[in-house]
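*Asks:* Sharing a model that was predicted from the sequence below.
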Amino acid sequence: MSLVVGIEIEGDGGHPAAWRAADHPPDTLLSARRIGTLVGELEEAGVGFLTIADATPSGAGGAVPARLDPVVLASLLSASTTAIGLVPQVHTAHGEPFHIANQLSSLDHGSRGRAGWWVGTEASADRARAAGQPWPAHPAVLAAEASDVVDAARRLWDSWEDDAIIADEISGRFLDADKVHHIDFRGDQFSIRGPGLMPRPIQGGVPVFADAGHLRPGLADVVVVRGPSVSAVAAAAGAARAAGAPRVVTEVEVVLDAGGGAANDRLAALDANTPWPRGERVRLVGHPDPVAVGLRELAGSVDGVRVIPAVLDVDLPVLTAAVLPALGDLVRVPRPGGRLRDLFGLPRPASRYAHLAIERESVRGV
Amino acid sequence: MASEELARPDAQLHLAGFFPFGPAYVWSEAERNDIYYDFAAWRQLAQAAERGLFSTLFLGDSQRLREHLGRITDTAVTGRPDQLVLFAHLAAVTERLGFVATLNTTYTDPVDLARRLASVDLLSGGRVGWNVVTTDNDWTGENFRRGGDVTHEVRYRRAEEHLALVTSLWSAWEPGAVATAASAPHWIRPGAVHEVAGTGSLSGVRARPSVPPSPQVRPVLFQAGESDEGREFAARHAQGIFSRYLQFDQALAFATDMRRRLVRAGRPADDLRIFPATRIILGDTDAEARARARWFGDRTWPDRRIRAVIEAVWGHDLSDHDVDGPPPHTDPVVPTQTLTHGVVNTNDRPLRTAAAWRELAEQRGWSIRQLVRHLNASIEFVGSPATVADELTRYVRAGAIDGLNLQPNAMPGGFDEVVDRLVPELQNRGVYRTAYEGTTLREQLGLAVPS
Ligand SMILES: Cc1cc2nc3c(=O)[nH]c(=O)nc-3n(C[C@H](O)[C@H](O)[C@H](O)COP(=O)(O)O)c2cc1C
């Protein structure tokens, strides 16, 4: 049994009032130095991957309106880290799949195989309006679009076979054009001729993290399940595996005894400011030991967790100093230079076009 | 002429590291086949540029792999990393170097593009520029939901609407509005982030920025495109322009034309930096540099690449044709000419081009090889560091150019010689900075902060 631990790093933490408890002034929230230092500490502590959530600004009063493009931020962080997985959230609704695929492929090259894609499901009115649509599309349309976007991206990643670059000076060929393919993808919302703009990603395909049931079968590498309790998560994980999920993760909200305050008191004080509504996630609140026990129990049914700390500056130091050590060998620690797929024990997929290479060989052999 | 040459006695040359993805490199000299896509190699290139006090890196763009006769072009380095993903990575390992990304207004979502550029701009401390292009072909559109038949005029109308939305998003977050202490009543002053509406074909768009202004307020705008519409667009909006003109008189004529247009648009004549692309090849002596340039030219123009230039016009495979013989006597297969794509200006008429090329080759007694090398001869600066520095000083002081988009001759060490040998010569002539002027791209380029 083992557990890959991921941390969500967007903003000041999962709690909507987190900024009031942060260690830094609000106007340094998006500073490269602040975020780089935080992520350096996560890597040091053996955290397996980070996620960066995304949402369209709503203009709602009270909400912190600042955020960076998650893929851009992940790429900045790829330069100062060597082991931690980088998993930005990228929503599919209204996006340009050709750009999304190339950006994630570039992130995978830039991080030497540490990129992942947290497939976002945002379908808000704000998102629709930012794309020039008066209201969100019908859920069935969005669902088909989500699968098409991921499907097209995976085809683009495969479109350069692994050994497409030959750089053969004698023949004057940089590429073997037989090994770079048009994908000719046709969906209801878009079509793409291809090929992709980059050689195949280091990981073959960037691992796709997606909610259970959100995509057509076979498109997700890591399926995200949720439930309000450990047993609910276990049931959802079992169902996901039965449906063919290669790997399963869940999300956990964490509030710890930290900064001289008991977890419950801290949460109550933050909630008095802005309530943090309970959603579909496990929430662990308390001393590091019982929180570690909760994570250990989850490890019985899932391969990894995405931890959403209430306040990054306050909860992370305790998480890394007390909770992760209490889990000991259970935590799968990424290795410098390693790939995100390795961390999850996911094999590097063969390109769907690789059979063409075999056919070509056999034709030549005749 | 003499007076023109001293038109700007204090003018400074800007170097931009330019990597076009397209030209051939001497592959056997590279450490690895895929070095052109390797961010570690890019890191070396960027750090060399910064050591040499380059103003910026500058990347061109193409959102479809080049094709030749219906297949992916195999004679040149093709494909490219996403520019902003690459630049975000490089921003973390540099401190002063700028980053200019070429992104088109035809196949991108303005709200997304505004945020991505603003993100890299903020994270880099204000070092980003956007080279606004419209892309010259519909064929690229086959990769996008925004694709389809887009005429030249529609492209530039869209460019106006797209750019207007992007710049209004960049101005919609009031400066200094975010709290400086966690004890403040609000994270941000209420009402300090405004909703922005698109116009024309973007009139349904309503959006808000999520990234505050950077130290240079917003990215510097560049433009590339040379029709009358393109030049007017630049005169209205751009503070940098990527030009094609490097022959001295043509460069000066272009610069003069652009300055006149700026004044007509109500701007100061010197509010625009002009950057044509080139290579620099150095040697201890001029003769040695010329020998190196010949070596580089021969190695990067193998028979296959020479033949591809002719095939692109004739429209079919000519692999049974000797490149040291005359151009084909047959006429081009006209319709298939459109299968060779991805090079700016492929739409000239093949029959006419073929006739002209045949005539030129006959007159001069040229083989295909000689013809193609002649047609593709671009202006490069070849010579000893002193010779090249003198020549560049003349260009800059005359006001013919402000900078160069400099292609490295190799990856990743391709800027080292220029940095180590040419930059000191330029500095001795007082035509190149000895320290960065500031921290932002706007400061390095000597441009005013927008109001
Ligand atoms: C020097 C130069 C460089 C250009 N670079 C690019 C580029 O990298 N990517 C691109 O999509 N278009 C590029 N363009 C194309 C322009 O954006 C424009 O679409 C094209 O030149 C047609 O417009 P025009 O008639 O105004 O020149 C370039 C144009 C010029 C003149």
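*Replies:* Arrived safely.

*Asks:* and whatever residue of the stretch 101-250 of chain A ends up closest to the ligand, how far is that from chain B?
*Replies:* For the stretch 101-250 of chain A and the ligand, the shortest gap (C-beta to the nearest ligand atom) falls at A:L197, measuring 12.6 Å. Using the backbone N, CA and C atoms, a C-beta is placed for each residue, glycine as well. To chain B, A:L197 is 5 Å away according to C-beta to the nearest C-beta, to the nearest Å.

*Asks:* isn't that residue right next to A:N102, touching?
*Replies:* Yes: look at A:L197 against A:N102 with C-beta atoms under 8 Å: they come within range, at 4.9 Å.

*Asks:* joint contacts of these two?
*Replies:* B:81-82 (C-beta atoms under 8 Å, 6 or more residues apart in numbering or on different chains).

*Asks:* which residues sit in contact with the residue in the stretch 251-366 of chain A positioned nearest to the ligand?
*Replies:* As assessed by C-beta to the nearest ligand atom, the ligand sits closest to A:Y353 within the stretch 251-366 of chain A, at 27.3 Å. Going by C-beta under 8 Å, 6+ apart, A:Y353 touches A:158-159, A:161, A:179, A:181.

*Asks:* Quick check: the farthest pair among the residues you listed?
*Replies:* Comparing every pair within these by C-beta to C-beta identifies A:D158 and A:K179 as the most remote, at 11.0 Å.

*Asks:* Any idea what the nearest residue to B:D402 once chain neighbours are set aside is bridged to?
*Replies:* Leaving aside its sequence neighbours, B:D402 sits nearest to B:R273 (C-beta to C-beta, 6 or more residues apart in numbering or on different chains; 4.1 Å). Beta bridges link B:R273 to B:G240 when assigned by DSSP bridges.

*Asks:* Ok, the one 5 residues further on next?
*Replies:* For B:T278, the residues forming beta bridges with it (DSSP bridges) are B:L406.

*Asks:* Is there a neighbour count for it? I'd like the number.
*Replies:* For B:T278, the count of nearby residues is 17 (other C-beta atoms under 10 Å in any protein chain shown).

*Asks:* For it, give me its contacts.
*Replies:* B:246, B:378-381, B:404-407.

*Asks:* Give the partner strands of the helix or strand where A:A210 lies in its sheet and their orientations.
*Replies:* Per DSSP states H and E: A:A210 is located in strand A:208-211. The strands beside strand A:208-211 in its sheet (DSSP bridges) come out as strand A:117-120 (parallel), strand A:222-225 (parallel).

*Asks:* Just after the last one, pick out the following helix or strand.
*Replies:* Tracing the chain C-terminally past strand A:222-225 and defining elements by DSSP H and E, one meets helix A:230-242 next.

*Asks:* For that following helix, what does the pLDDT average out to?
*Replies:* Mean per-residue pLDDT for helix A:230-242: 98.

*Asks:* now for it, which elements pack on it?
*Replies:* Other helices and strands packing on helix A:230-242, by 3 or more C-beta pairs under 8 Å, 6 or more residues apart in numbering or on different chains; DSSP states H and E, are strand A:222-225, strand A:247-256, helix A:288-298.

*Asks:* so who does the closest residue to B:I379 other than its chain neighbours touch?
*Replies:* Once flanking residues are discounted, B:I379 sits nearest to B:L246: 4.1 Å by C-beta to C-beta, 6+ apart. Going by C-beta under 8 Å, 6+ apart, B:L246 touches B:276-278, B:378-379, B:401.

*Asks:* Report pLDDT for B:L246.
*Replies:* pLDDT, read off for B:L246, is 95.

*Asks:* cool, A:A357 as well?
*Replies:* 67.

*Asks:* ditto for B:S378
*Replies:* At B:S378, pLDDT is 88.

*Asks:* any chance you could map the strands in the stretch 201-350 of chain B?
*Replies:* With strands called from DSSP state E, counting those that start in this stretch, the stretch 201-350 of chain B shows them at B:206-207, B:220-223, B:240-243, B:273-278, B:280-282.

*Asks:* In a markdown table: the ones you listed, plus mean pLDDT.
*Replies:* Conversion of the strands of the stretch 201-350 of chain B to a markdown table gives the following (pLDDT from 0 to 100):
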| stretch | mean pLDDT |
| --- | --- |
| strand B:206-207 | 98 |
| strand B:220-223 | 97 |
| strand B:240-243 | 96 |
| strand B:273-278 | 96 |
| strand B:280-282 | 97 |
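
*Asks:* Which of these sits closest to B:D38?
*Replies:* That would be strand B:273-278 among the strands of the stretch 201-350 of chain B, by C-beta to C-beta, at 22.5 Å.

*Asks:* What residue spans form the domains of chain B?
*Replies:* B:3-175+B:192-287+B:380-445, B:302-375 (automatic domain parsing).

*Asks:* which stretches of the chain have low pLDDT?
*Replies:* Here I'm looking at chain A. A:357-358, A:360-366 (pLDDT under 70).

*Asks:* Please refer instead to chain B.
*Replies:* B:1-6, B:334-348, B:451.

*Asks:* residue nearest the centroid of it?
*Replies:* With distances taken as C-alpha atoms, centre = their mean, the residue of chain B nearest its centroid is B:G60 (4.5 Å).

*Asks:* Please verify my assumption that that one contacts B:Q83.
*Replies:* No: counting by C-beta under 8 Å, B:G60 stays clear of B:Q83, with 9.1 Å between them.

*Asks:* Need the overlap of contacts for the two.
*Replies:* B:T102.

*Asks:* Strands of chain A, start to end?
*Replies:* A:4-8, A:49-52, A:85-91, A:117-120, A:165-168, A:173-175, A:185-186, A:191-192, A:208-211, A:222-225, A:247-256, A:282-286, A:304-309 (DSSP state E).

*Asks:* Just checking, which helix or strand succeeds the longest helix anywhere in chain B along the chain?
*Replies:* Longest helix in chain B, counting residues (DSSP state H): helix B:152-171. Moving toward the C-terminus from helix B:152-171, the next helix or strand (DSSP H and E) is strand B:196-197.
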